[in-house]
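Just need the structure, nothing else, for what follows:
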Amino acid sequence: MPCEHLGVHLNFCVHRSRYHCFGAPPLPQGVLIANTYNRSKQDYLDELSRQGVDRCTAVPFSADYIVGRDGSIDQLLPLDTCVSIPLCGNTATRYITVVLEGDDVFTRQQMRVAARLVCCLVRHYSLFDPQGAPLVRAIGELDSTKLLRRLPTEFRAFLSACLSGDEPDVEPSPQPQCCDVLRDDLARLRDDLARLRDRIAALEARPDLTPRVQQLEARVQALEARVQQSETRLDALQAQVATFSARIARLEACYERLPQCAESPPPCEIVYRIGAPLRLVPMINQIVDFSVRVQDQDPPLVTTGPLWQAMLSNGGPARTWTVSGELLIDAREWCVNKGVRLYLQDCSGALVQVAQWVSPANGAQPPVVLTWSHPITTMSGQPCFVRLVLHSDDTTQPFYSVSGGYVRMQL
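This is a model prediction of the structure:
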């Protein structure tokens, strides 16, 4: 048993599902340092004694050694025949795994004993890189699921002292903090270099795209020729359309000169519609402005603007008009049982409700369409003016918008 002079206690309590055994196991590629996280040494041993299910846990799935806070060392697997499984899903490369009892804070005795154990293992298996540095890493550098991502500074100091032949029991001189930073930067650079090598190998393995590029260039040239032909045909078509438009204009001029072809609108029909959307304030009576004239046999009867009104009679004989129309109110947030009401001001000046809408629930509601049709009878010898007044009692939002609509007045 290697390093037995350090007082290693054999404790082969690991369940068979957590390691592999061989007649001649592969040589280790380095030593990984891990920790039990928030478990005690006995808790971790109890966990290793149970059958394993998920290898991706915060602590190693299995380990070769565990070093307690009191400096005791337990060997969990026979190194000459069995191989631990420390990493998540990686079983191709063998590592010797040394687990430290505790989370981020370890005892000095524990660091000293662990460093002597790792020093012995490194020398026994000749685990040095080409530059002569020991192949010792924190397990979190190889597997992001493990929590120990940096070797403790005190452990590095004890390990360096042991490898150099100094007395490891003497308090080592602390290493500068920049050493840890440089080690982390060096580890990241090594990872970046490995990724770049993989990308270069992938790029070199790609097939030659020159034939495909040449094919695409030939297709683009053919497409350009077809586009040029289409543009020529489009110019000819536009010339024909211009000729047809001129001939249609001459035909329409001739058509309008024929008396039997003159269009006559229905008698006494007045139609106006809303132009720009109206942004209205709740709790105020708003006169709806139908600013765009669609049809009107007698334009002076209607006044557009903020105070829109239609004069259905200027004092002539009594007549009955039908005032109908439609308003579209945009979608918005509404309160339940709140809504809008549309009133028609008749010849006497009274407001008659002709349409309303009430919100069935709180929150966003779809656009609202108000439609109406109401008769207005004028009196002989008296002028009559009508308006449409919109009122909303909902103050959920500061405005509500009327985006379209029309009004029609006909006898």
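
Can you give me the neighbour number for C119?
Residues lying near C119 (other CB atoms under 10 Å) number 23. Heads up, the C-betas are built off the backbone N, CA and C, glycines and all.

Now do the SS call for it.
helix (DSSP: H, G, I helix; E, B strand; the rest coil).

Not counting sequence-adjacent ones, nearest residue to it?
C162 (3.7 Å; CB to CB, 6 or more residues apart in numbering).

Quick check, pLDDT for the one you found.
Looking at C162, its pLDDT stands at 92.

so what does the host helix or strand of it touch, helix or strand wise?
Using DSSP states H and E, C162 falls within helix 153-163. Under the contact criterion of 3 or more CB pairs under 8 Å, 6 or more residues apart in numbering; DSSP states H and E, helix 153-163 touches helix 108-125, helix 177-204.

repeat that for 7 Å
helix 108-125 (3 or more CB pairs under 7 Å, 6 or more residues apart in numbering; DSSP states H and E).

Following element in sequence after the helix with the most length in the chain, please.
The longest helix of the chain (DSSP state H) is helix 210-256. As assigned by DSSP H and E, the chain's next helix or strand after helix 210-256 is strand 269-273.

Excluding its own residues, what touches that following strand? List them.
290, 292-296, 301-302, 310, 405-410 (CB atoms under 7 Å, 6 or more residues apart in numbering).

now do 10 Å
Residues from elsewhere that reach strand 269-273, judged by CB atoms under 10 Å, 6 or more residues apart in numbering: 265, 289-299, 301-302, 304, 308, 310, 312, 321, 323, 325-326, 404-411.

in it, what counts as buried?
I270, V271, Y272, R273 (16 or more other CB atoms under 10 Å).

Could you list the alpha-carbon positions for it in CSV?
Provided in CSV are the C-alpha atoms of strand 269-273 (Å, rounded to 0.1, in the frame of the first residue of the first chain):
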residue,chain,number,x,y,z
GLU,A,269,-79.4,62.3,-47.3
ILE,A,270,-76.6,63.8,-45.2
VAL,A,271,-73.6,61.6,-44.3
TYR,A,272,-70.5,62.7,-42.3
ARG,A,273,-67.8,60.6,-40.7
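
Indicate each strand paired with that strand and its parallel or antiparallel sense.
Strand 269-273 sits in its sheet next to strand 292-295 (antiparallel), strand 400-410 (antiparallel), going by DSSP bridges.

Determine the set of other helices and strands touching the helix or strand following the first one.
Remark: after strand 292-295, the chain's next helix or strand is strand 302-303, criterion DSSP H and E. Secondary-structure packing of strand 302-303 (3 or more CB pairs under 10 Å, 6 or more residues apart in numbering; DSSP states H and E): strand 269-273, strand 309-314.

State the distance from T57 to S126.
Separation of T57 from S126 (CB to CB, to the nearest Å): 31 Å.

which one of the two has more residues nearby?
A count of neighbours by other CB under 10 Å puts T57 above the other of T57 and S126, at 15 against 9.

hang on, the earlier thing: okay, the strands paired with strand 269-273, which one's buried deepest?
Most buried of these by mean neighbour count (mean count of other CB atoms under 10 Å) is strand 400-410; its value is a mean of 19.

show me the residues around the closest residue to E101 other than its chain neighbours that make contact.
With CB to CB, 6+ apart as the criterion, E101 has its nearest non-adjacent residue at 4.3 Å, and that residue is K41. The neighbours of K41, taking CB under 10 Å, 6+ apart as the test, are I66, V67, G68, R69, D70, S72, D74, V99, L100, E101, G102.

quick one: the helices in the stretch 301-411 of the chain?
With DSSP state H, counting those that start in this stretch as the criterion, the stretch 301-411 of the chain has no helices.

just for the stretch 251-400 of the chain, where's the confidence low?
For the stretch 251-400 of the chain, the stretches with pLDDT under 70 are 259-267, 298-300.

coming back round to it: next, count neighbours for the residue nearest to C119.
Using other CB under 10 Å: C162 sits among 22 other residues.

From L117, how far out is it?
10 Å.

returning to that earlier point: so how far is Y19 from the residue nearest to C119?
For C162, the distance to Y19 - CB to CB - is 27 Å.

So which of the contacts of K41 wins on neighbours?
Within these, neighbour counts (other CB under 10 Å) peak at V99, which reaches 32 neighbours.

What are the phi and psi values at that one?
phi -100, psi 130 (degrees, to the nearest 10).

Let me see the contact set for it.
By CB under 10 Å, 6+ apart, the contact set of V99 is 32-37, 39, 41, 44-45, 48, 59-60, 62-68, 74, 76, 84, 86, 114, 139, 148.

Restricted to strands, list those residues.
The strands, defined by DSSP state E, take in L32, I33, A34, N35, Y65, I66, V67, D74, S84 from the contacts of V99.

Any chance of the residues you listed in TSV with distance to D180 and pLDDT as columns?
As requested, these are exported to TSV (distance: CB to CB, whole Å; pLDDT from 0 to 100):
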residue	distance to D180	pLDDT
L32	18	96
I33	14	97
A34	18	96
N35	17	96
Y65	24	97
I66	24	97
V67	21	97
D74	29	96
S84	27	94
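
Now for those: which two are most distant?
L32 and D74 (16.6 Å; CB to CB).

Run the chain-centre distance for stretch 183-201.
Mean C-alpha position of stretch 183-201 versus that of the full chain (CA atoms, centre = their mean, to the nearest Å) differs by 30 Å.

Stretch 49-68 now?
For stretch 49-68 - counting by CA atoms, centre = their mean - the centre lies 37 Å from the chain centre.

Use 46 as the first number from now on
Sure, I'll start counting at 46 from here, so that last one is stretch 94-113.
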